[in-house]
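J.: can't give you the sequence, but here's the structure:
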C-alpha cells in the first residue's frame, strides 16, 4: 500500500505522461483542426475541450452545429453523447472518498473525469492509500487536461500551416479515433448499439436531417437495450 | 468563413458544457446510492452509443465541411484500414489511428498525382 504523497505524485505522473497524454494530444489535435476548418473560433475549441472534456461530445457539438441543427438540438445531442459520464461517476467517485464530510469538492473533481482517469484509477487505486487517491486523480487528470489543451491549440493553429493532404488527414483522424476508442469497449451490447446506430445515422441524416442523431440514438439505443434484456451479460463497464 | 455570432456561439458552447456537466453532477449526487447497471442507465448508455455510431458513419460517409472534397472510397478504405489494424494488432489505439490516417493521406496524395498526370 502506497502511503507517501511524493510516491503517489510520481506514479500519477508516470502513468499519465505515457499513453494517455499522447493519445489525448493526438485526438485533440484532430479536434482543434476540425474546429478551425469548420470556421469556428479558437475560444470555442478551448472551451469545448476543457468544458466538455470528452471527444464524442466535443465532436457532436462541432458537427451538429456545422450541419445547421438548432441550438436546442445541438445541446441535447451533446448532452446525450456524454451520458456515459453518469454511470462512470457513480461507480468511480466512491473509490476516492473525501476526508471531510460533504461532497462540494467532488462536484469540482468530477469535471476531470474521463475514460483515461477512470481506467487509471480503477487500475491503481487498490495499491494507493484511501486518503491519497484524490491526489493521484488530480495529478493524473491535470496532466491529461493540459495535454488535451495543448493538442487543441496545436491542432487549431497548425492545420492552417499544413499541406492540404495532411490537414485533411488531421480532420479525418476525428471519426477514426472516435470509432477506435469506442470499439475498444469490452461491453457487447454497447458495441451492438454502436453498430446499429451507424446505418440508422445515415438513413435519418438523409430522410430527417434535423433530428437525425436524436432519432438514431433513441431508436438504435432502444433496440440495443431490447437485445441486452433478452441476452443479459454480467459485464457492465460504461 | 467568419459569419458566426460570438454571442450565439458562446451560449451554444456554454449550453453544451452544462448539458455534459449534468451527467457528471448527477453521478456525484447518486454516487454509491444507485446501481450503475440499472435499467435506465443502461438505456441511456445505449442511446448514447447508437447516436455516436450514427455520427461516426455520417462523418465518414456524408461528411460536412472539408472532407467533402475527398472521395468516399478513400474515406471508407482508410477507415476500414484503421479499424482492422486495431482489431488485428492487439487493440492498440495509437498505431491503428496513425496507420489509418497515414493511409488516408497517402491515398489522397496519390490520387492527386494520378489526376494531374
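T.: Thanks, I have it. In this text, all values refer to a predicted model and were calculated from it rather than measured experimentally.
J.: Domain map for chain A?
T.: A:5-184, A:185-238 (automatic domain parsing).
J.: Tell me which of those domains sits nearest to residue B:110.
T.: Of all the domains of chain A, it is domain A:5-184 that lies closest to residue B:110, at 9.8 Å by CB to CB. Bear in mind the C-beta positions are built from the backbone N, C-alpha and C, glycine included.
J.: Ends of the closest one, what's the gap?
T.: For domain A:5-184, the first and last residues are 33 Å from each other (CA to CA, to the nearest Å).
J.: Report the separation between the residue nearest to the spatial centre of chain A and residue A:31.
T.: Central residue of chain A (CA atoms, centre = their mean): residue A:54, 2.5 Å from the mean position. Distance from residue A:54 to residue A:31, counting by CB to CB, to the nearest Å: 11 Å.
J.: Does chain B have contacts with the longest helix seen in chain A?
T.: Looking across chain A with DSSP state H, the single longest helix is helix A:133-158. No - using CB under 8 Å from any CB of the partner chain, we find that helix A:133-158 stays clear of chain B, coming within 12.6 Å at best.
J.: Repeat that for stretch A:10-19.
T.: Yes - with CB under 8 Å from any CB as the criterion, chain B is reached by stretch A:10-19 at residue A:19.
J.: Give the buried residues for that stretch.
T.: Across stretch A:10-19, burial judged by 16 or more other CB atoms under 10 Å in any protein chain shown covers A:11, A:12, A:13, A:15, A:16.
J.: And the residue nearest to the spatial centre of chain B, which helix or strand is it part of?
T.: Against the mean C-alpha coordinate of chain B, by CA atoms, centre = their mean, the closest residue is residue B:56 at 5.1 Å. Using DSSP states H and E, residue B:56 maps to helix B:39-61.
J.: Next, report how far that helix is displaced from the centre of its chain.
T.: 11 Å (CA atoms, centre = their mean, to the nearest Å).
J.: what stretches of chain B score poorly on pLDDT?
T.: Along chain B, the model assigns pLDDT under 70 to residues B:1-4, B:32-37, B:117.
J.: Now do stretch A:79-90: everything it contacts.
T.: By CB atoms under 8 Å, 6 or more residues apart in numbering or on different chains, the residues outside stretch A:79-90 that reach it are A:52, A:54, A:56-57, A:59-60, A:110, A:113, A:115, A:118, A:214, A:217, A:236, A:238, B:16, B:19-20, B:22-24, B:26-28, B:30-32, B:34, B:36-37, B:41, B:44-45, B:47-48, B:51-52, B:55.
J.: Buried ones only from the residues you listed, please, as a PyMOL command.
T.: In PyMOL syntax, the buried subset of those is picked out as below (16+ other CB under 10 Å):
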select buried, (chain A and resi 52+54+56+57+59+60+110+113+115+118+214+217+236+238) or (chain B and resi 16+19+20+23+24+26+27+28+30+31+34+36+37+41+44+45+47+48+51+52+55)
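J.: Which of the buried residues of stretch A:10-19 fall within helices?
T.: The members of the buried residues of stretch A:10-19 that map onto helices under DSSP H are A:11, A:12, A:13, A:15, A:16.
J.: count of neighbours near the nearest residue to the last one once chain neighbours are set aside?
T.: Pointing back at residue A:16 there. Of all residues not flanking residue A:16 in the chain, residue A:143 sits nearest, at 4.1 Å (CB to CB, 6 or more residues apart in numbering or on different chains). Residue A:143: 20 surrounding residues under other CB atoms under 10 Å in any protein chain shown.
J.: Equivalent analysis for residue A:97, please.
T.: Neighbours of residue A:97 (other CB under 10 Å): 15.
J.: Next up, identify which helix or strand it is on.
T.: Per DSSP H and E, there is no helix or strand for residue A:97.
J.: Tell me which residues touch residue 97, please.
T.: I went with chain A, as the question did not name one. residue A:130.
J.: That was the other one, I meant chain B.
T.: Contacts for residue B:97 (CB under 8 Å, 6+ apart) come out as A:26, A:173, A:176, A:177, A:180, B:82.
J.: With adjacent residues omitted, what lies nearest to residue 76?
T.: Reading this off chain A. residue A:214 (6.6 Å).
J.: The chain in question should be chain B.
T.: That would be residue B:60: by CB to CB, 6+ apart, it lies 6.7 Å from residue B:76.
J.: close enough to count as contact, the one you found and residue B:75?
T.: Yes - contact criterion CB atoms under 8 Å: residue B:60 and residue B:75 qualify, at 5.3 Å.
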